[in-house]
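Enquirer: got a sequence here, can you build the structure:
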Amino acid sequence: MGSSPQNVTFPSNGGTAHGYLAVPPQGTGPALVVVQEWWGLTSHMVSMVDRFAAEGFVTLAPDLFGGATTHDREEAARMLRELPTDRAARDLRGAVDLLLGLPHVVGDAVGVVGFCMGGGFALVLAAQEGDRVSAVVPFYGLPRIPDYDYRGLTAHVLGHYGEEDRSIPQEAVDEAAMLIGEATDRRPEIHFYPAGHAFMNDENLAGTYDPLQADIAWQRTLSFLWGHLG
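Expert: Sure thing, here's the model as predicted:
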């Protein structure tokens, strides 16, 4: 188990949370929350924050595991099991509060991008925060709560999933899109890629990183975020 490169501390519902924040070169921009995979706030997540900041977004990745990172699947599964969903939601809400209070941030709503475990949390956060989240982008993740109730979600939704991802079958993604459509007036934009789970993660040990599909998803994500945050 390793440690993560936290560089910011913020209040979270009576407690304290930590994360990694990056500001774009021009000094201001729309706000973006990046939600980690189950490996923790790893160097891959930090690089994603830096990439989004370089594209113009004031970007924050909250550290939901309190500094712990791992590349061991069993350890990651244990950390996910032990992560109280309500605490994670509080930390994410605190991240939204922090970003919207920063002088660097343009606008009164944030975007949320989540990967794997974070993809599910991103959708939950969007439903909880309503108009404070205007765009949400889950990468190969869905809420752990069966038949999650998406009422409250007003954000535009862009989803990226792998056709060869055995952990998230296409039927589950289709069902989630249907539930979102039924509970809100949003029709999610969902893309399936000829790739496996975590195809954006160039550090993933399963060997499913796909640079071509990752680049396609990245370009779609940037266009989507600028369309709804810019």
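
Enquirer: contacts, neighbours, all on C-alpha from now
Expert: Will do.

Enquirer: what's next to the longest helix seen in the chain, contact-wise?
Expert: As assigned by DSSP state H, the longest helix anywhere in the chain is helix 211-229. Helix 211-229 is contacted from outside by 30, 107, 109-111, 134-135, 137, 156, 158, 160, 193-195, 199-200, 202, using Cα atoms under 8 Å, 6 or more residues apart in numbering.

Enquirer: could you redo the last one with a cut-off of 6 Å?
Expert: Residues outside helix 211-229 that contact it (Cα atoms under 6 Å, 6 or more residues apart in numbering): residue 200.

Enquirer: and residue 158, how many neighbours?
Expert: 20 (other Cα atoms under 10 Å).

Enquirer: before we move on, what SS does it have?
Expert: strand (DSSP: H, G, I helix; E, B strand; the rest coil).

Enquirer: and it, what are its bridge partners?
Expert: Residue 158 has these beta-bridge partners by DSSP bridges: residue 189.

Enquirer: quick check, it in contact with residue 135.
Expert: No: taking contacts as Cα atoms under 6 Å, residue 158 lies outside contact range of residue 135: 7.9 Å.

Enquirer: backbone phi and psi for the closest residue to residue 16 other than its chain neighbours, please?
Expert: Leaving out its chain neighbours, the residue that sits closest to residue 16 by Cα to Cα, 6 or more residues apart in numbering is residue 10, at 5.8 Å. Main-chain dihedrals, residue 10, degrees, to the nearest 10: phi -150, psi 150.

Enquirer: where's residue 10 relative to residue 60, distance?
Expert: The gap separating residue 10 from residue 60 is 11 Å, by Cα to Cα, to the nearest Å.

Enquirer: and what of residue 71?
Expert: Using Cα to Cα, which is the criterion applied here, residue 71 is 22 Å from residue 60.

Enquirer: neighbour count: the two, which is higher?
Expert: For residue 71 and residue 60, the more surrounded residue by other Cα under 10 Å is residue 60, and the numbers stand at 30 against 16.

Enquirer: element containing the residue nearest the centre of the chain?
Expert: In the chain, the centroid-proximal residue (Cα atoms, centre = their mean) is residue 114; its distance is 1.6 Å. Residue 114 is part of strand 105-115, with elements assigned from DSSP states H and E.

Enquirer: so how many other residues sit close to residue 54?
Expert: Neighbours around residue 54, by other Cα under 10 Å: 16.

Enquirer: what is the burial count for the residue lying closest to residue 24 once chain neighbours are set aside?
Expert: Excluding the flanking residues, the one nearest residue 24 by Cα to Cα, 6+ apart is residue 53, at 4.5 Å. Residue 53: 25 surrounding residues under other Cα under 10 Å.
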